[in-house]
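# take this sequence and fold it.
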Amino acid sequence: MSSISIAGAGAFGAALAVALAQAGRKVTLWARDPAQVAQMRETRENPRLPGVLLPENVTLTTEAAALAGGAVVLLAVPMQALSGFLQEHGAVLDGRPLVACCKGVDLASGLGPTAIIARNCPAATPAVLTGPSFATDIAQGLPTALTLACADPVGPALQEQLSTPVLRLYRSTDTTGTELGGALKNVMAIASGIVMGAGLGESARAALITRGFAEMLRFARARGAEAETLAGLSGFGDLVLTCTSEQSRNFRYGRALGQGAYFDPRITVEGAATARAVAALAQAQGIDMPVTASVAHVIDGRRSIAEAVKALLSRPLKEE
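Sure, this is the predicted structure:
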């Protein structure tokens, strides 16, 4: 039985633990909070996945050293916490495959997850797992397809270790394109939520998704990614899901902005930090990112939604 470790017992980390354990893997699931671990040990349930029981072959721990027992370590901590987590625990994880399961761009450094892994764990094999998925679907055993990107020859072996009968992984070597697709679609999901929350209509949302995808392609290609990657699961597939589903936290956050409504600040919205980071990178490199810039402006209170919409609609007419 192969052994897999998962750092981060949020909804996605716990869902992966359930799916992999049900497929016969031995799983170690790490959480920082002792109270959360004690509760999950007692109830065999993650509070963010109500009604889904953790199989008995999922071992719960607060000891980061226990993660080193896995042949593969999945990093399911939030994107903005990844660097700090690896600075604290990278020494015990170095030298093995480390698979980032978070989406975004680090606000402090402008780096993606595989670059952060490489910086903190130079002997590790960086990879990224991303694509159109919700934790509840994975935990309930619903069919899901994701992209596993790894530039190292160990990629096919990782694909075999992490695939299950209902969790289908497609392999890529384009880590840059894969992680940028997962990061940028969150920004567009916020924009899509703003459109719907402000009552601008379905036609406006369709236009936003289309032009947003063009913006994603423009930025990713400028960063050395392959356009074909963005057209796949980690880009276009995830974009469609998060821009159209109420389950998307980024979409719900954008909708709350559009409605002028309250949004629980305890909920992680990766697209907010990513919008700020990407807008700054795009400006520095001269990459035209009007939707991303508008989202960053609205989030930071530098522009009202009405002003952002007016600015986008008043851009010069051009060929598609």
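
# helices or strands up against whichever strand or helix holds Leu239?
Here Leu239 sits within helix 238-244, counting by DSSP states H and E. Helices and strands touching helix 238-244, by 3 or more CB pairs under 8 Å, 6 or more residues apart in numbering; DSSP states H and E, are helix 175-197, helix 202-222, helix 249-259. For the C-beta atoms, the positions are set from N, CA and C on the backbone; glycine is no exception.

# deepest of those, which one?
With neighbours taken as mean count of other CB atoms under 10 Å, the helices and strands packed on helix 238-244 reach their highest mean count in helix 175-197, at a mean of 29.

# quick one: distance of that helix to the chain centre.
10 Å (CA atoms, centre = their mean, to the nearest Å).

# same deal with stretch 118-126?
Using CA atoms, centre = their mean, the offset of stretch 118-126 from its chain centre is 19 Å.

# can you check stretch 295-303 too?
Once both centres are worked out by CA atoms, centre = their mean, stretch 295-303 turns out to sit 22 Å from its chain's centre.

# who's in contact with that stretch?
Applying CB atoms under 8 Å, 6 or more residues apart in numbering, the contact partners of stretch 295-303 are 187, 190-191, 194, 254, 257, 271-272, 275-276, 279, 294, 304-305, 308, 311.

# walk me through the domains of the protein.
Following the TED database, one finds the domains of the chain at 3-173, 179-314.

# residue contacts, the nearest residue to Ala127 once chain neighbours are set aside?
In this structure, Ala127 finds its nearest non-sequential neighbour in Cys150, 3.8 Å apart by CB to CB, 6 or more residues apart in numbering. Counting by CB under 8 Å, 6+ apart, Cys150 makes contact with Pro97, Val99, Thr125, Pro126, Ala127, Val128, Leu158, Arg171, Ser172, Thr173, Thr175.

# middle-most residue in this protein, spatially?
Residue closest to the average C-alpha location in the chain (CA atoms, centre = their mean): Lys103, at 2.5 Å.

# need the nearest residue in space to that one, chain neighbours excluded.
Gly182 (3.8 Å).

# against Ser5, how distant is the closest residue to Pro290 other than its chain neighbours?
Closest residue in space to Pro290, ignoring its immediate chain neighbours: Leu312 at 6.0 Å, by CB to CB, 6+ apart. Leu312 sits at a distance of 44 Å from Ser5 (criterion: CB to CB, to the nearest Å).

# follow-up on the earlier one: just the ones in strands from the contacts of Cys150, please.
Pro97, Val99, Thr125, Pro126, Ala127, Val128, Arg171, Ser172 (DSSP state E).

# most neighbours among those residues, which one?
Neighbour counts for the ones in strands among the contacts of Cys150 (other CB atoms under 10 Å) peak at Ala127, which has 31 neighbours.

# Leu75 pairs with what?
Under the criterion DSSP bridges, Leu75 forms beta bridges with Ala7, Ala100.

# state the pLDDT value of it.
Listed pLDDT for Leu75 reads 98.

# residues touching it, list them.
Ala7, Gly8, Leu82, Phe85, Leu86, Leu98, Val99, Ala100, Cys101, Cys102, Pro113, Ile117.

# ok, the second one touching Leu82?
No. With contacts counted by CB atoms under 8 Å, Gly8 stays clear of Leu82, the gap being 9.4 Å.

# Gly182 reaches Leu233, doesn't it?
No. Assessed by CB under 8 Å, Gly182 is found out of contact with Leu233, at 9.6 Å.

# show me the shaky parts of the stretch 51-200 of the chain.
For the stretch 51-200 of the chain, no stretch has pLDDT under 70.

# now render the contacts of Cys150 as JSON lines, adding distance to Phe213.
Formatted as JSON lines, the contacts of Cys150 follow (distance: CB to CB, whole Å):
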{"residue": "Pro97", "distance to Phe213": "31"}
{"residue": "Val99", "distance to Phe213": "26"}
{"residue": "Thr125", "distance to Phe213": "30"}
{"residue": "Pro126", "distance to Phe213": "26"}
{"residue": "Ala127", "distance to Phe213": "25"}
{"residue": "Val128", "distance to Phe213": "20"}
{"residue": "Leu158", "distance to Phe213": "28"}
{"residue": "Arg171", "distance to Phe213": "23"}
{"residue": "Ser172", "distance to Phe213": "18"}
{"residue": "Thr173", "distance to Phe213": "22"}
{"residue": "Thr175", "distance to Phe213": "20"}
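
# what sits against the residue nearest to Ala273 when sequence neighbours are not counted?
Of all residues not flanking Ala273 in the chain, Leu107 sits nearest, at 4.5 Å (CB to CB, 6+ apart). For Leu107, the contact set (CB under 8 Å, 6+ apart) comprises Gln80, Ala273, Arg276, Ala277.
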